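>>> below are the sequence and a predicted model; questions follow.
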Amino acid sequence: MTKEILIGFLIGIFTALLGSYLFITFFTTFDISSGFQIIREKGYLGKIITLGTLLNLAVFAILLKRNKEFMARGIILAVIVLAISTLVI
């Protein structure tokens, strides 16, 4: 039970980072290393992380279809942690 929530949490964090990477790669002219730095300097890093969490919605739906409710709870926990972190950034 706790192990599945942790796995879901890690999947949620990884998916959000992947979504942020994909957004920077496809929708900006920056490369990934300078892109994060420039976006952070301009104060948009929280918004990019929030856009990255959109992939978690698909992962959440897939986990619910496969009856992995505890992993889906881990995804929700990751979204909550990322939302709080965007308030701090």
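That came through fine.

>>> skip ahead from the helix or strand harbouring Glu41 and say which helix or strand is next.
Per DSSP states H and E, Glu41 falls inside helix 32-42. Helices and strands here follow DSSP H and E; after helix 32-42, the next one along the chain is helix 45-52.

>>> quick one: average confidence on that following helix?
For helix 45-52, mean pLDDT is 87.

>>> buried stuff in the host helix or strand of Val81?
Assessed by DSSP H and E, Val81 sits inside helix 69-88. Neighbour-count burial for helix 69-88 flags 71-75, 77-79, 82 (criterion: 16 or more other CB atoms under 10 Å). C-betas here are computed from N, CA, C, even on glycine.

>>> which of those residues sit farthest apart?
Using CB to CB, the two most remote members of the buried residues of helix 69-88 are Met71 and Leu82, lying 16.6 Å apart.

>>> so Thr86 touches Thr50, yeah?
Yes. With contact defined as CB atoms under 8 Å, Thr86 reaches Thr50; the gap is 5.7 Å.

>>> centroid-nearest residue for this protein?
Ala16 (1.7 Å; CA atoms, centre = their mean).

>>> tell me the pLDDT at that one?
Reported pLDDT for Ala16: 94.

>>> that one against Ala78, yeah?
Yes. In this structure Ala16 lies within contact range of Ala78 using CB under 8 Å: 6.8 Å.

>>> thinking again about what came up before, extract the CA atoms of the helix holding Val81 and return them as CSV.
Extracted in CSV, the C-alpha atoms of helix 69-88 (Å, rounded to 0.1, in the frame of the first residue of the first chain):
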residue,chain,number,x,y,z
GLU,A,69,-5.9,3.2,-6.9
PHE,A,70,-3.0,3.6,-4.5
MET,A,71,-0.6,4.5,-7.4
ALA,A,72,-3.2,7.0,-8.5
ARG,A,73,-3.2,8.5,-5.0
GLY,A,74,0.6,8.9,-5.3
ILE,A,75,0.0,10.9,-8.5
ILE,A,76,-2.4,13.1,-6.7
LEU,A,77,0.1,13.6,-3.9
ALA,A,78,2.8,14.5,-6.4
VAL,A,79,0.4,17.1,-8.0
ILE,A,80,-0.2,18.6,-4.5
VAL,A,81,3.5,18.8,-3.7
LEU,A,82,4.2,20.4,-7.1
ALA,A,83,1.4,22.9,-6.6
ILE,A,84,2.7,23.9,-3.3
SER,A,85,6.2,24.2,-4.7
THR,A,86,5.0,26.5,-7.5
LEU,A,87,3.6,28.8,-4.8
VAL,A,88,7.1,29.0,-3.2
